[in-house]
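S.K.: Next comes the sequence, and after it the predicted model I'd like to discuss.
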Amino acid sequence: MIVFRDPSEVPADFGRSVVAIGKFDGVHVGHRAVIDRMREDARAVGARTVAVTFDRNPLEVLRPELCPENVVATERKIELLGELDLDATLVLTFDRALASLPAEDFVRDILVDALHATTILVGRDFRFGRGGAGDPELLQKLGPQHDFTVDVVDDVTPEGGGRRVSSTWVRELLAAGDVAQAAAVLGRPVSVTGEVVHGLKRGRELGFPTANLSEVIDALAPADGVYAGWLVDHDTGIRHPAAISVGTNPTFDDVDRRQVEAHVLDATGLDLYGHRVTVEFTHHLRGMVAFEGMESLIAQIADDVAVARDRLALG
(Lines give C-alpha, C1' and ligand atoms only; values in the text may rest on other atoms or scores of the structure.)
Protein backbone atom coordinates (compact mmCIF):
# COMPACT_ATOMS: atom_id res chain seq x y z
CA MET A 1 0.00 0.00 0.00
CA ILE A 2 1.26 3.46 -0.93
CA VAL A 3 1.00 6.11 1.79
CA PHE A 4 0.55 9.72 0.67
CA ARG A 5 0.97 12.47 3.26
CA ASP A 6 -0.29 15.28 1.04
CA PRO A 7 -2.53 15.44 -2.06
CA SER A 8 0.42 16.85 -4.03
CA GLU A 9 2.21 13.50 -3.62
CA VAL A 10 -0.41 11.65 -5.70
CA PRO A 11 1.08 11.12 -9.19
CA ALA A 12 -0.74 12.76 -12.06
CA ASP A 13 -1.07 9.36 -13.76
CA PHE A 14 -2.41 7.61 -10.63
CA GLY A 15 -5.67 6.93 -12.45
CA ARG A 16 -9.30 6.83 -11.35
CA SER A 17 -9.97 5.75 -7.79
CA VAL A 18 -12.72 4.67 -5.47
CA VAL A 19 -12.30 6.64 -2.25
CA ALA A 20 -13.45 5.94 1.31
CA ILE A 21 -13.21 8.86 3.75
CA GLY A 22 -13.22 8.75 7.54
CA LYS A 23 -11.25 9.02 10.76
CA PHE A 24 -10.91 5.21 10.80
CA ASP A 25 -9.87 5.33 14.47
CA GLY A 26 -9.37 1.72 15.52
CA VAL A 27 -10.17 0.38 12.02
CA HIS A 28 -13.05 -1.56 13.58
CA VAL A 29 -15.58 -3.82 11.86
CA GLY A 30 -17.68 -0.83 10.80
CA HIS A 31 -14.68 0.69 9.02
CA ARG A 32 -13.88 -2.68 7.49
CA ALA A 33 -17.40 -2.85 6.07
CA VAL A 34 -16.74 0.46 4.30
CA ILE A 35 -13.40 -0.86 2.97
CA ASP A 36 -15.03 -4.09 1.80
CA ARG A 37 -17.66 -2.11 -0.12
CA MET A 38 -14.93 0.10 -1.57
CA ARG A 39 -13.07 -2.92 -2.93
CA GLU A 40 -16.29 -4.22 -4.50
CA ASP A 41 -17.00 -0.85 -6.13
CA ALA A 42 -13.42 -0.60 -7.40
CA ARG A 43 -13.48 -4.07 -8.94
CA ALA A 44 -16.70 -3.21 -10.77
CA VAL A 45 -15.13 -0.21 -12.55
CA GLY A 46 -11.46 -1.22 -12.63
CA ALA A 47 -10.33 1.63 -10.37
CA ARG A 48 -7.80 1.94 -7.55
CA THR A 49 -8.82 1.85 -3.87
CA VAL A 50 -7.83 4.78 -1.64
CA ALA A 51 -8.64 5.49 2.01
CA VAL A 52 -8.58 9.17 2.98
CA THR A 53 -8.05 9.83 6.67
CA PHE A 54 -6.47 12.33 9.07
CA ASP A 55 -3.30 12.45 11.13
CA ARG A 56 -5.30 13.26 14.27
CA ASN A 57 -8.86 13.47 15.48
CA PRO A 58 -10.24 16.75 14.05
CA LEU A 59 -11.55 17.59 17.54
CA GLU A 60 -7.92 17.94 18.66
CA VAL A 61 -7.88 21.14 16.59
CA LEU A 62 -11.52 22.20 16.68
CA ARG A 63 -12.57 21.36 20.26
CA PRO A 64 -9.57 19.98 22.18
CA GLU A 65 -11.52 19.92 25.45
CA LEU A 66 -13.90 17.39 23.87
CA CYS A 67 -11.31 15.29 22.05
CA PRO A 68 -11.21 11.65 23.23
CA GLU A 69 -8.12 9.47 23.30
CA ASN A 70 -7.33 7.73 20.06
CA VAL A 71 -8.14 4.02 19.96
CA VAL A 72 -4.93 3.57 17.95
CA ALA A 73 -2.05 5.87 17.08
CA THR A 74 -1.88 7.22 13.53
CA GLU A 75 0.95 4.94 12.41
CA ARG A 76 -0.89 1.91 13.77
CA LYS A 77 -4.01 3.03 11.90
CA ILE A 78 -1.98 3.15 8.70
CA GLU A 79 -0.63 -0.35 9.39
CA LEU A 80 -4.16 -1.69 9.92
CA LEU A 81 -5.42 -0.08 6.73
CA GLY A 82 -2.43 -1.57 4.94
CA GLU A 83 -3.62 -5.04 5.95
CA LEU A 84 -6.89 -4.53 4.03
CA ASP A 85 -5.48 -4.82 0.51
CA LEU A 86 -5.77 -1.14 -0.42
CA ASP A 87 -3.83 0.54 -3.19
CA ALA A 88 -3.17 3.69 -1.16
CA THR A 89 -4.00 5.73 1.92
CA LEU A 90 -3.92 9.53 1.91
CA VAL A 91 -3.21 10.85 5.43
CA LEU A 92 -4.26 14.51 5.56
CA THR A 93 -2.72 16.83 8.13
CA PHE A 94 -5.69 18.20 10.03
CA ASP A 95 -4.72 21.74 10.94
CA ARG A 96 -6.46 25.11 10.93
CA ALA A 97 -5.94 25.45 7.18
CA LEU A 98 -7.72 22.17 6.43
CA ALA A 99 -10.41 22.90 9.02
CA SER A 100 -11.20 26.20 7.27
CA LEU A 101 -11.31 24.69 3.76
CA PRO A 102 -14.86 24.95 2.36
CA ALA A 103 -16.50 21.59 1.72
CA GLU A 104 -16.77 22.24 -2.02
CA ASP A 105 -13.03 23.00 -2.20
CA PHE A 106 -12.23 19.83 -0.25
CA VAL A 107 -14.15 17.83 -2.84
CA ARG A 108 -12.59 19.60 -5.83
CA ASP A 109 -8.97 19.87 -4.63
CA ILE A 110 -8.54 16.51 -2.91
CA LEU A 111 -11.14 14.06 -4.14
CA VAL A 112 -11.45 15.18 -7.75
CA ASP A 113 -8.21 16.92 -8.81
CA ALA A 114 -5.77 14.76 -6.80
CA LEU A 115 -7.49 11.37 -6.57
CA HIS A 116 -9.76 11.47 -9.67
CA ALA A 117 -12.52 9.86 -7.63
CA THR A 118 -15.12 7.88 -9.54
CA THR A 119 -16.95 6.73 -6.40
CA ILE A 120 -16.83 8.18 -2.88
CA LEU A 121 -17.84 6.12 0.15
CA VAL A 122 -18.80 7.64 3.49
CA GLY A 123 -20.80 6.71 6.56
CA ARG A 124 -24.17 8.38 7.12
CA ASP A 125 -22.81 10.61 9.89
CA PHE A 126 -19.67 11.77 8.04
CA ARG A 127 -19.04 15.53 8.03
CA PHE A 128 -16.26 17.51 6.37
CA GLY A 129 -15.27 21.01 5.32
CA ARG A 130 -15.46 24.32 7.14
CA GLY A 131 -18.01 24.22 9.92
CA GLY A 132 -18.85 20.61 9.08
CA ALA A 133 -20.94 21.85 6.14
CA GLY A 134 -20.09 18.83 4.00
CA ASP A 135 -22.21 15.69 4.34
CA PRO A 136 -23.36 12.79 2.15
CA GLU A 137 -26.14 14.93 0.67
CA LEU A 138 -23.67 17.59 -0.48
CA LEU A 139 -21.46 14.92 -2.03
CA GLN A 140 -24.45 13.55 -3.93
CA LYS A 141 -25.27 17.06 -5.13
CA LEU A 142 -21.69 17.65 -6.35
CA GLY A 143 -21.30 14.21 -7.93
CA PRO A 144 -22.82 14.92 -11.37
CA GLN A 145 -20.69 18.01 -12.03
CA HIS A 146 -17.47 16.20 -11.04
CA ASP A 147 -18.34 12.81 -12.55
CA PHE A 148 -18.42 10.72 -9.38
CA THR A 149 -21.07 8.72 -7.57
CA VAL A 150 -21.60 8.46 -3.82
CA ASP A 151 -22.02 5.23 -1.88
CA VAL A 152 -23.37 5.81 1.64
CA VAL A 153 -22.58 2.82 3.85
CA ASP A 154 -25.10 1.92 6.53
CA ASP A 155 -24.15 1.46 10.17
CA VAL A 156 -22.88 -1.95 11.23
CA THR A 157 -24.41 -3.63 14.28
CA PRO A 158 -23.35 -6.90 15.90
CA GLU A 159 -25.22 -10.04 14.94
CA GLY A 160 -28.65 -9.94 16.50
CA GLY A 161 -28.89 -6.16 16.38
CA GLY A 162 -28.25 -3.61 19.10
CA ARG A 163 -25.81 -0.74 19.27
CA ARG A 164 -24.00 0.38 16.13
CA VAL A 165 -20.28 -0.21 15.93
CA SER A 166 -18.23 2.92 16.62
CA SER A 167 -14.90 4.07 18.01
CA THR A 168 -16.81 5.56 20.95
CA TRP A 169 -18.15 2.13 21.82
CA VAL A 170 -14.65 0.63 21.61
CA ARG A 171 -13.37 3.26 24.06
CA GLU A 172 -16.21 2.51 26.47
CA LEU A 173 -15.54 -1.22 26.33
CA LEU A 174 -11.83 -0.69 26.95
CA ALA A 175 -12.62 1.64 29.87
CA ALA A 176 -14.74 -1.16 31.35
CA GLY A 177 -12.03 -3.78 30.77
CA ASP A 178 -14.35 -5.75 28.49
CA VAL A 179 -11.62 -6.89 26.10
CA ALA A 180 -13.73 -9.79 24.75
CA GLN A 181 -16.53 -7.53 23.50
CA ALA A 182 -14.02 -4.91 22.34
CA ALA A 183 -12.31 -7.58 20.25
CA ALA A 184 -15.65 -8.44 18.63
CA VAL A 185 -16.25 -4.78 17.75
CA LEU A 186 -12.70 -4.28 16.50
CA GLY A 187 -12.62 -7.52 14.56
CA ARG A 188 -9.27 -8.47 16.12
CA PRO A 189 -7.80 -8.90 19.62
CA VAL A 190 -7.26 -5.84 21.80
CA SER A 191 -3.52 -5.20 21.74
CA VAL A 192 -0.80 -2.64 22.39
CA THR A 193 2.73 -2.56 21.00
CA GLY A 194 5.83 -0.98 22.50
CA GLU A 195 9.42 -1.55 23.55
CA VAL A 196 10.31 -3.56 26.66
CA VAL A 197 12.11 -1.25 29.10
CA HIS A 198 13.64 -1.57 32.55
CA GLY A 199 11.20 -1.06 35.41
CA LEU A 200 11.48 -1.29 39.17
CA LYS A 201 12.06 -5.06 38.90
CA ARG A 202 9.50 -5.60 41.64
CA GLY A 203 7.89 -8.49 39.78
CA ARG A 204 11.22 -10.31 39.75
CA GLU A 205 11.57 -9.73 43.49
CA LEU A 206 8.10 -11.23 44.00
CA GLY A 207 8.94 -14.27 41.90
CA PHE A 208 6.95 -13.19 38.85
CA PRO A 209 9.23 -11.21 36.50
CA THR A 210 7.45 -8.98 34.00
CA ALA A 211 8.20 -7.34 30.68
CA ASN A 212 7.38 -3.66 31.16
CA LEU A 213 6.27 -1.75 28.08
CA SER A 214 7.53 1.75 27.41
CA GLU A 215 5.30 4.74 28.04
CA VAL A 216 4.86 5.18 24.28
CA ILE A 217 2.52 2.48 22.97
CA ASP A 218 0.54 2.39 19.75
CA ALA A 219 -3.00 1.93 21.07
CA LEU A 220 -5.30 2.63 23.99
CA ALA A 221 -4.76 0.13 26.81
CA PRO A 222 -7.79 -1.35 28.59
CA ALA A 223 -8.85 -0.43 32.13
CA ASP A 224 -6.55 -0.98 35.09
CA GLY A 225 -6.64 -4.61 36.06
CA VAL A 226 -5.26 -8.07 35.40
CA TYR A 227 -5.76 -9.95 32.14
CA ALA A 228 -4.82 -13.17 30.42
CA GLY A 229 -3.38 -12.95 26.94
CA TRP A 230 -0.28 -13.21 24.82
CA LEU A 231 3.04 -11.47 24.36
CA VAL A 232 4.35 -11.55 20.79
CA ASP A 233 8.09 -10.89 20.45
CA HIS A 234 8.70 -9.05 17.18
CA ASP A 235 12.41 -9.93 17.29
CA THR A 236 11.85 -13.70 17.38
CA GLY A 237 8.26 -14.06 16.23
CA ILE A 238 7.52 -16.21 19.29
CA ARG A 239 4.04 -15.94 20.82
CA HIS A 240 4.19 -16.38 24.60
CA PRO A 241 1.19 -16.94 26.91
CA ALA A 242 1.07 -14.25 29.59
CA ALA A 243 -0.65 -12.83 32.65
CA ILE A 244 -0.87 -9.07 32.13
CA SER A 245 -1.21 -6.17 34.52
CA VAL A 246 -2.33 -2.64 33.60
CA GLY A 247 -2.19 0.19 36.13
CA THR A 248 -0.04 2.01 38.65
CA ASN A 249 0.63 -0.77 41.18
CA PRO A 250 -1.48 0.66 44.05
CA THR A 251 -0.02 -1.73 46.65
CA PHE A 252 3.27 0.19 46.52
CA ASP A 253 1.95 3.55 45.27
CA ASP A 254 5.26 4.56 43.68
CA VAL A 255 4.43 4.33 39.98
CA ASP A 256 3.47 7.69 38.49
CA ARG A 257 1.90 6.47 35.24
CA ARG A 258 -0.22 3.62 33.98
CA GLN A 259 1.96 0.85 32.68
CA VAL A 260 1.46 -2.44 30.89
CA GLU A 261 3.41 -5.39 32.34
CA ALA A 262 3.31 -8.96 31.04
CA HIS A 263 4.48 -11.99 33.01
CA VAL A 264 5.34 -14.70 30.47
CA LEU A 265 4.04 -18.07 31.65
CA ASP A 266 6.20 -21.18 31.76
CA ALA A 267 9.44 -19.42 30.80
CA THR A 268 12.58 -18.74 32.81
CA GLY A 269 15.57 -16.61 31.99
CA LEU A 270 13.76 -14.81 29.18
CA ASP A 271 15.51 -11.52 28.28
CA LEU A 272 13.20 -9.18 26.38
CA TYR A 273 14.82 -5.83 27.18
CA GLY A 274 14.95 -3.65 24.11
CA HIS A 275 12.63 -5.96 22.16
CA ARG A 276 9.55 -4.59 20.43
CA VAL A 277 6.56 -6.65 21.56
CA THR A 278 2.81 -6.74 21.15
CA VAL A 279 0.68 -7.57 24.17
CA GLU A 280 -2.74 -9.04 23.35
CA PHE A 281 -5.53 -9.00 25.95
CA THR A 282 -7.95 -11.91 25.63
CA HIS A 283 -9.59 -12.30 29.07
CA HIS A 284 -10.28 -9.87 31.91
CA LEU A 285 -9.46 -11.57 35.22
CA ARG A 286 -10.02 -8.92 37.87
CA GLY A 287 -9.77 -5.24 38.69
CA MET A 288 -6.73 -3.55 40.19
CA VAL A 289 -6.67 -3.41 44.01
CA ALA A 290 -4.19 -2.56 46.74
CA PHE A 291 -3.08 -5.35 49.08
CA GLU A 292 -2.23 -5.08 52.77
CA GLY A 293 1.05 -6.97 52.61
CA MET A 294 3.49 -8.86 50.41
CA GLU A 295 2.16 -12.31 51.30
CA SER A 296 -1.38 -11.53 50.17
CA LEU A 297 -0.07 -9.87 47.00
CA ILE A 298 2.11 -12.86 46.10
CA ALA A 299 -0.77 -15.26 46.78
CA GLN A 300 -3.06 -13.23 44.52
CA ILE A 301 -0.49 -13.08 41.70
CA ALA A 302 -0.04 -16.85 41.93
CA ASP A 303 -3.80 -17.24 41.64
CA ASP A 304 -3.88 -14.81 38.69
CA VAL A 305 -1.26 -16.90 36.92
CA ALA A 306 -3.23 -20.09 37.54
CA VAL A 307 -6.43 -18.52 36.24
CA ALA A 308 -4.60 -17.12 33.21
CA ARG A 309 -3.26 -20.59 32.41
CA ASP A 310 -6.78 -21.98 32.62
CA ARG A 311 -8.33 -19.25 30.45
CA LEU A 312 -5.62 -19.73 27.82
CA ALA A 313 -6.21 -23.50 27.93
CA LEU A 314 -2.58 -24.26 28.68
CA GLY A 315 -3.37 -27.36 30.74
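M.R.: That came through, no problem.

S.K.: going forward, measure contacts between C-alpha atoms and count neighbours the same way
M.R.: Will do.

S.K.: Which parts of this structure are helices?
M.R.: Using DSSP state H, the helices of the chain run over 29-45, 59-62, 74-82, 96-99, 103-106, 136-146, 167-175, 179-186, 202-206, 294-311.

S.K.: where among those is the average confidence lowest?
M.R.: Note on the helices of the chain: helix 202-206 shows the lowest mean pLDDT, a mean of 58.

S.K.: could I get the helices of the chain as JSON lines with distance to residue 258?
M.R.: Output for the helices of the chain, formatted as JSON lines (distance: least, C-alpha to C-alpha, whole Å):
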{"stretch": "helix 29-45", "distance to residue 258": "28"}
{"stretch": "helix 59-62", "distance to residue 258": "22"}
{"stretch": "helix 74-82", "distance to residue 258": "20"}
{"stretch": "helix 96-99", "distance to residue 258": "32"}
{"stretch": "helix 103-106", "distance to residue 258": "40"}
{"stretch": "helix 136-146", "distance to residue 258": "40"}
{"stretch": "helix 167-175", "distance to residue 258": "13"}
{"stretch": "helix 179-186", "distance to residue 258": "17"}
{"stretch": "helix 202-206", "distance to residue 258": "15"}
{"stretch": "helix 294-311", "distance to residue 258": "18"}
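
S.K.: Deepest-packed of those, please.
M.R.: Of all the helices of the chain, helix 179-186 has the most neighbours on average by mean count of other C-alpha atoms under 10 Å, namely a mean of 21.

S.K.: tally of neighbours for residue 130?
M.R.: When counting by other C-alpha atoms under 10 Å, one arrives at 18 neighbours for residue 130.

S.K.: In contact with it, which residues?
M.R.: 99, 100, 101, 102, 103 (C-alpha atoms under 8 Å, 6 or more residues apart in numbering).

S.K.: closest to residue 228 among these?
M.R.: residue 99 (42.3 Å; C-alpha to C-alpha).

S.K.: what bridges to residue 3?
M.R.: residue 89 (DSSP bridges).

S.K.: Pairing partners for the biggest strand by length in the chain, with directions?
M.R.: Determined from DSSP state E, the single longest strand within the chain is strand 276-287. Strand 276-287 sits in its sheet next to strand 190-197 (antiparallel), strand 225-233 (antiparallel), going by DSSP bridges.

S.K.: Touching the longest one from outside, list them.
M.R.: Strand 225-233 is contacted from outside by 177, 238-247, 262, 264, 275-288, 304, 308-309, 311-312, using C-alpha under 8 Å, 6+ apart.

S.K.: cool, and the first one?
M.R.: Taking contacts as C-alpha under 8 Å, 6+ apart, the residues outside strand 190-197 that touch it are 179, 182-183, 211-221, 272-282.

S.K.: how many neighbours does the nearest residue to residue 128 once chain neighbours are set aside have?
M.R.: Nearest residue to residue 128 in three dimensions, chain neighbours excluded: residue 134, at 4.7 Å (C-alpha to C-alpha, 6 or more residues apart in numbering). Residue 134 has 18 neighbours, counted by other C-alpha under 10 Å.

S.K.: quick one: contacts for residue 50?
M.R.: Contacts of residue 50 (C-alpha under 8 Å, 6+ apart): 17, 18, 19, 20, 86, 87, 88, 89, 90.

S.K.: so the third one makes contact with residue 114?
M.R.: This means residue 19. No - using C-alpha atoms under 8 Å, residue 19 is not in contact with residue 114; the gap is 11.4 Å.

S.K.: The two: which has the busier surroundings?
M.R.: Using other C-alpha under 10 Å, the more surrounded residue of residue 19 and residue 114 is residue 19, with 30 against 22.

S.K.: how far out from the middle of the chain is stretch 174-181?
M.R.: Its chain's C-alpha centre and that of stretch 174-181 lie 14 Å apart, by C-alpha atoms, centre = their mean, to the nearest Å.
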